[in-house]
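okay, predicted coordinates and the sequence, questions at the end:
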Amino acid sequence: MAKTESKEKIYHGIGASPGIAIGKVLLIKQHSTSYIKPPDVKITPEEIEAEINKFESALDKTRQDLEELQKRVQNKLQAHEASIFDAHLLIVDDQMLLHEVEDSIRNQLSPAECAFFRIMERYITAISVMQDDYIKERVADIKDVASRVMANLKETSRPVLDYLDDMRIIIAHDLTPSDTVLLDRQKVQAFAIESGSNTSHTAILARSMQIPAVVNIKGNITDEVENGEEIIVDGFIGTIIVCPGDKTREAYKLKAREEGRFYIDLIRESRLRPETLDGFTIQLASNIETLDDIQTAKKYGTSGVGLFRTEYMYMGRQDLPTEEAQVATFTTLIEEMKGEPVVVRTLDIGGDKYCENLSLRQEANPFLGLRAIRLCLQECRDVFRTQLRALLRAGIKGNLKIMLPMVSCVEEVVEVRKIIEELKGELFKEKLPFNRDIEVGVMIETPGAALLADHLAKMVDFFSIGTNDLIQYTIAIDRDNERVSYLYEPTHPAILHLIKKVVDAAKQNRIWVSICGQMAGSPQYVPLLLGMGVHELSMVPMSLGAVRRIIRKLKMHEAEVAAEKALQCSNARDALNISLELLNKISPEVTDLAFRGL
Ligand code: PEP
Ligand code: MG
C-alpha cells in the first residue's frame, strides 16, 4: 500500500477484468465456504466440551443469520418463497439432530464438523431414496442449512451478494466462482480481492460479466478499508485507490470516458471480417458462462460460441438442472447463434469450482484430483448422462458440438463415446429426436493429452486447446496461487511446443483446432497463435474487438515467420518479444492494445 499527500491510499494488484469503477466499498471480511466433506480426524477427550459448545454456537449463529435473511428478502420475495426460511429454521431447531451430533462428538471423538457432516449425509441419503417428490425436494433445504452451519462452524460467513440494496464495489479476501456467478450485475460496480490470479475462474467470470476487477491485491486492504468508503477500481492496470482526492477522481472519470469511447470504436468494427491482410480468415468465437453473456458476444461480433462453461448451470442452486431445462438452455443458445457453431463443454467441476448439490469430497490437490471428465466418469455418472442426453436432444436444433474437459488419456474418450452410443439407443427407444451425428471434441489442457494429440485426433472431431490449464499443468503452477503467478508465462517454450504439436496433429488428421484459453484473447500472443496455424480463437466477448483489429493488420506469412522464430527460443521473454516486435511493426496503436490490460 502506498500513501499519497491526501488521505488517498493506493493498492496494487493484477487487473483481472478491464474497466473503471468509482463507488462505495462493500467489505466482506470472511472467506466463503461450502458444504463439503471435512477431513476425517479425531479430537482428544479434553476437547469434547469445547467442540459441543462450538456446535451449539454455530446453530445459534445460523438461526440468527436465517432470521436476518428472512427479514431482508421479505420485500423482494413472495410470501411463500420467504417462508422457505421457516422450514430452514425448523431444521436448526431439531433436537434430535443436536443430540445425535453431541453423541458422536462425545462417543466417537469426532470434531463437530465431521460429526455434523456425517449425520447430515445420513439424513440426506435417507430422504433422497423416498418416493414422495415433496419430501425429496427437502434435500435442497437440508443442504442449504447444512452449508450455513458448516460455514459458522468454520467461523466464516457466506456472503450474500445476489441481493444488494445499493451500488457497491466489493472488497474481499476471496470470492469463489459460485459467489461470483451470483453477483447482482446491476448493483456490483466492481470487485477487488486479495487472492486469485488472472486465470482463476473468478477472474474469467468477471470479464464475461463485464464487471471491472482486480485480484491478488498486495497489502492488507480488507483490514484497512471500511464499509461505505469511496474507492476507485482500475481493472485495466490493477490499481485501487481508497478515499481518492478530487484530482484523482477527475482523472479517473476522464480515463473511464476515454476507455468507453475506445470500446465503442471496437464495437463499430464488429462486422468486419477477421481476415489477415493476405486473405486468411480466423474464426473468432466467444467463451460464455451463462445465457446472459450472449448479448455481449453478439455486440462484439462473435462467430459462434467456442466454449460454453456449463458448470455454472449447476452452481448457486440446491437442486440439479433437469434434462428438459438443459435442452431448453442449449436450444436458446443455438437459436441465438443463428447457425453459427456452439461448442458446449460438459461439466467441469472440481479444481477451484465446487457445486453444493454434488457433495464433493475435499481433496488435498483438487486441481490434480477428481475434476471434470474424471468426476463425470466416476462419481457423477448419472449427472453426466443427463447432460449428454440433453446435448444429444438439443443437437437436432442446430450446430451444437460436445466438448470434453481435462482429458488425459484415450480411455476417457473411448468411455464417453460408449456412453453416448448407449444414450442414443435409449433416446431412440423413447422416440425422442436427437442428433445421431453430433460432433465430439476434446479440450487439450493436460500435457498428457497434448502429447497424445496424434492418437486423440483420430478419435474426435475437433480440438480446443485450453491454455489456462495447459500452462498450469505443464509448468506446474496452481493457476489460483498468487505466489507462483510470476511463473505463469504463456510463451514458455514448453507451451509453444505443445501448442504446435497439437495444431500439427489436428491438421494432419484434418480436424478443426481452436484455442479457448485466455491466451487466445490476449493481443500479445495473437501473432504467434496465428503463425502456428490455429483455425479459431475463442475468448471472453469483450476481447473480440482488439483481437479482430490485430488480425486485420497482420500478414499470415509474417505471423508464421514470427512463430517459427519464437519456437527456437529458450525462454518466455524472448518469444514474447518476437511477437511484440511484429505488433510494433504493424502499428504502435496495435502494440498499445497488448498493454491495455484487455
Ligand atoms: C482452459 O483451461 O484454458 C479453459 C478454457 O478452461 P477453464 O478456464 O474453464 O478451466
Ligand atoms: Mg480448463
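Noted; the coordinates are in hand. What you are looking at is a predicted structure, and each value in this text was computed from that prediction instead of being measured. Ligands and ions are numbered 1, 2, ... in the order given.

so residue 164, which of the three states?
Under DSSP: H, G, I helix; E, B strand; the rest coil, the three-state class of residue 164 is coil.

surely it touches residue 28?
No. Counting by C-beta atoms under 8 Å, residue 164 does not reach residue 28; the two are 11.6 Å apart. Bear in mind the C-beta positions are built from the backbone N, C-alpha and C, glycine included.

and those two? Which one has more around it.
More crowded of residue 164 and residue 28, by other C-beta atoms under 10 Å: residue 28, with 23 against 15.

does the more buried one touch residue 171 like I think?
Yes. Between residue 28 and residue 171 there is a contact under C-beta under 8 Å: 7.2 Å.

what sits in contact with each of those two?
When contacts are counted by C-beta atoms under 8 Å, 6 or more residues apart in numbering, residue 28 and residue 171 are jointly contacted by residue 222.

all helices for the stretch 201-350 of the chain, in order.
Ranges of helices in the stretch 201-350 of the chain, per DSSP state H, counting those that start in this stretch, are 201-208, 221-224, 246-268, 294-299, 323-336.

what's the second one in contact with?
With C-beta under 8 Å, 6+ apart as the contact definition, helix 221-224 has outside contacts at 1, 9, 11, 27-29, 171-173, 192, 194, 240, 242.

and the last one, by the same measure?
Here helix 323-336 makes contact (C-beta under 8 Å, 6+ apart) with 291, 294, 298, 305, 308, 313, 321, 342, 344, 386-387, 389-391, 393-394, 397-400.

buried among the residues you listed? Need that as a selection in PyMOL.
Here is the PyMOL command that selects the buried residues among the contacts of helix 323-336 (16 or more other C-beta atoms under 10 Å):
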select buried, resi 294+305+308+313+321+342+344+386+387+389+390+391+393+394+397+398+399+400
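
in strands only, show me the contacts of helix 323-336.
Applying DSSP state E to these, the entries found in strands are 305, 308, 342, 344, 400.

would you turn the helices of the stretch 201-350 of the chain into JSON lines with mean pLDDT and distance to residue 508?
As requested, those are arranged in JSON lines below (pLDDT from 0 to 100; distance: least, C-beta to C-beta, whole Å):
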{"stretch": "helix 201-208", "mean pLDDT": "88", "distance to residue 508": "31"}
{"stretch": "helix 221-224", "mean pLDDT": "92", "distance to residue 508": "51"}
{"stretch": "helix 246-268", "mean pLDDT": "90", "distance to residue 508": "36"}
{"stretch": "helix 294-299", "mean pLDDT": "94", "distance to residue 508": "32"}
{"stretch": "helix 323-336", "mean pLDDT": "97", "distance to residue 508": "31"}
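
out of those, nearest to residue 474?
With C-beta to C-beta, the closest approach to residue 474 among the helices of the stretch 201-350 of the chain belongs to helix 201-208: 18.9 Å.

which helices and strands does the closest one pack with?
Counting contacts by 3 or more C-beta pairs under 8 Å, 6 or more residues apart in numbering; DSSP states H and E, helix 201-208 packs against strand 14-17, helix 177-181, strand 213-215, strand 283-288.

in terms of helices and strands, where is residue 10?
Using DSSP states H and E, the secondary-structure element containing residue 10 is strand 9-12.

just the mean pLDDT for that strand, thanks.
Strand 9-12 shows a mean pLDDT of 95.

which one is residue 168 nearest to, not counting chain neighbours?
For residue 168, ignoring the flanking residues on the chain, the nearest one in space by C-beta to C-beta, 6 or more residues apart in numbering is residue 26 at 3.8 Å.

so the one you found touches residue 167, yeah?
No. Counting by C-beta under 8 Å, residue 26 stays clear of residue 167, with 9.5 Å between them.

neighbour count winner among those two?
residue 26 (23 against 14).

how about residue 170, phi and psi?
Main-chain torsions, residue 170, degrees, to the nearest 10: phi -80, psi 130.

over to the one 3 residues further on?
Note on residue 173: backbone dihedrals following degrees, to the nearest 10 are phi -70, psi -50.

same check on the one 3 residues further on?
When quoted as degrees, to the nearest 10, the phi and psi of residue 176 stand at phi -80, psi 160.

what's around it, how many residues?
When neighbours are counted by other C-beta under 10 Å, residue 176 comes out with 21.

can you tell me how far it sits from ligand 2?
Per C-beta to the ion, to the nearest Å, residue 176 is found 16 Å from ligand 2.

re earlier: considering only the contacts of helix 323-336, which also neighbour ligand 2?
Subset of the contacts of helix 323-336 in contact with ligand 2: empty, counting by C-beta under 5 Å from the ion.

and the closest residue to ligand 2 within the stretch 51-200 of the chain, what does it touch?
The nearest approach of the stretch 51-200 of the chain to ligand 2 comes at residue 199, 9.1 Å away (C-beta to the ion). By C-beta under 8 Å, 6+ apart, the residues touching residue 199 are 468, 471-472, 479, 488, 517-518.

neighbour-wise, which one of those residues leads?
Going by other C-beta under 10 Å, residue 517 tops those with 30 neighbours.

mind pulling the model confidence for that residue?
Looking at residue 517, its pLDDT is 96.

please name the nearest non-neighbouring residue to it.
Per C-beta to C-beta, 6+ apart, closest to residue 517 is residue 467, 2.9 Å.

what of residue 165?
In this structure, residue 165 finds its nearest non-sequential neighbour in residue 187, 7.8 Å apart by C-beta to C-beta, 6+ apart.

which stretches of the stretch 1-150 of the chain have low pLDDT?
Residue ranges of the stretch 1-150 of the chain with pLDDT under 70: 1-6, 30-36, 69-85, 87, 131-141.

try it again with 80
For the stretch 1-150 of the chain, the stretches with pLDDT under 80 are 1-6, 29-41, 65-91, 126-145, 147-148.

paired strands for the strand holding residue 10, with orientation please.
Paired with strand 9-12 in the same sheet, following DSSP bridges, are strand 2-3 (antiparallel), strand 239-242 (antiparallel).

just how off-centre is that strand within its chain?
Remark: strand 9-12 is offset 27 Å from the chain centroid, using C-alpha atoms, centre = their mean, to the nearest Å.

only alpha carbons, please: show that strand as CSV.
Taking Å, rounded to 0.1, in the frame of the first residue of the first chain, the C-alpha atoms of strand 9-12 are listed here in CSV:
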residue,chain,number,x,y,z
LYS,A,9,-4.5,5.0,-0.1
ILE,A,10,-3.3,3.2,-3.2
TYR,A,11,-3.1,-0.6,-3.5
HIS,A,12,-1.8,-2.6,-6.4
